[in-house]
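Undergrad: need a 3D model of the following:
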Amino acid sequence: MIDPASLTKDELFADHAPCCMDDSFCQCGFQERALRAITAGQYRPMTRAERDWCKQEIAAVEGYTESDAEGTDADVAHTVIRAWTDYCRDKGML
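TA: So this is what the prediction gives:
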């Protein structure tokens, strides 16, 4: 397994992903933008390091495990976004 923490921002989801909203008002970080584009089928396939990073993001949220990171790239990307949303909801941010 590649350690995603050892990668720089330029190596993880480095390609420009289309915005999920008006490009001039996008509030998404580069990782969220890429995940939303993957979910929509508008991005290249994930690299092994990106998939490993997704597994770590998913497993870091209470109630999720690495086994939740199975499936297509779109499934995995959607699960990361869902896990982030659940984390924010649990912390009272949503």
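Undergrad: check contacts around residue 65.
TA: Residue 65 makes contact with 58, 59, according to C-beta atoms under 8 Å, 6 or more residues apart in numbering. All C-beta atoms are positioned from the backbone trio N, CA, C, and that covers glycine.
Undergrad: point out where this protein drops to low pLDDT.
TA: Within the chain, the segments meeting pLDDT under 70 span 1-27.
Undergrad: where's the most centrally placed residue in it relative to residue 92, distance?
TA: In the chain, the residue lying closest to the centroid (C-alpha atoms, centre = their mean) is residue 35, at 4.4 Å. Note on residue 35: its distance to residue 92, by C-beta to C-beta, to the nearest Å, is 23 Å.
Undergrad: can you check residue 61 too?
TA: Distance from residue 61 to residue 92, by C-beta to C-beta: 15 Å.
Undergrad: quick one, which of the two is more surrounded?
TA: residue 61 (19 against 6; other C-beta atoms under 10 Å).
Undergrad: tell me which element the more buried one is part of?
TA: Assigned by DSSP states H and E, residue 61 belongs to no helix or strand.
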